[in-house]
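Q: Kindly generate the corresponding structure for this input.
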Amino acid sequence: MGHEPRSLRVISGGEWEGSTARVCVSDEVVRTITGFLLGVGKGVKEASSPAEPPK
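A: Down below sits the predicted model:
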C-alpha cells in the first residue's frame with residue numbers, strides 16, 4: 001500500500017553522493033544563518049547596554 005521509504009543500504013551511489021552534497025550545503029546555510037544571528041544578537045546587546053555602568 002503506497003511507497004515505503006528506502007533504507008540507506010538501498011540507495012545507489014549516485015543518489016548517496018547527491019544527498020551528501022545537499023547535506024553539506026544545508027549545513028553551511030545553517031552555520032551562516034547561526035553566525036549572522038549571533039552577530040546581530042551581540043550587536044543588539046552592546047547597543048542596548050549603557051556606555052558606563054552606574055556608580
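
Q: now Gly43: how far from Glu28?
A: Between Gly43 and Glu28 the computed distance is 23 Å (CB to CB, to the nearest Å). No exception for glycine: its C-beta is placed from N, CA and C like everyone else's.

Q: Correction: the previous question concerned Phe36.
A: Computed with CB to CB, the distance linking Phe36 and Glu28 is 13 Å.

Q: next one: Val40
A: 19 Å.

Q: quick one, helices of the protein?
A: Under the criterion DSSP state H, the chain carries helices at the ranges 13-48.

Q: Quick one: low-confidence residue ranges for it.
A: In the predicted model of the chain, residues 1-19, 51-55 satisfy pLDDT under 70.

Q: can you rerun that using 90?
A: Across the chain, residues meeting the criterion (pLDDT under 90) sit at 1-28, 49-55.

Q: Quick one: neighbours of Thr20, just the number.
A: 10 (other CB atoms under 10 Å).

Q: swap in Phe36?
A: By the other CB under 10 Å criterion, the neighbourhood of Phe36 contains 10 residues.

Q: Ok, Gly43 next?
A: Burial of Gly43 is recorded as 10 neighbouring residues (other CB under 10 Å).

Q: again with Ile33
A: Summarising burial for Ile33: neighbours were counted as other CB under 10 Å, giving 10.

Q: before we move on, what about Lys42?
A: 10.

Q: Next one: it relative to Ser26, how far apart?
A: In this structure, Lys42 lies at 25 Å from Ser26, with CB to CB as the measure.

Q: Ok, Val40 next?
A: For Val40, the distance to Ser26 equals 21 Å [CB to CB].

Q: Then Thr34?
A: With distances taken as CB to CB, Thr34 is found 12 Å from Ser26.

Q: Next: Phe36.
A: Phe36 sits 16 Å away from Ser26, taking CB to CB as the criterion.

Q: And for Gly43?
A: If you measure Gly43 against Ser26 using CB to CB, the figure is 26 Å.

Q: Could you give me the buried positions within stretch 29-42?
A: Under the neighbour-count criterion of 16 or more other CB atoms under 10 Å, stretch 29-42 has nothing buried.
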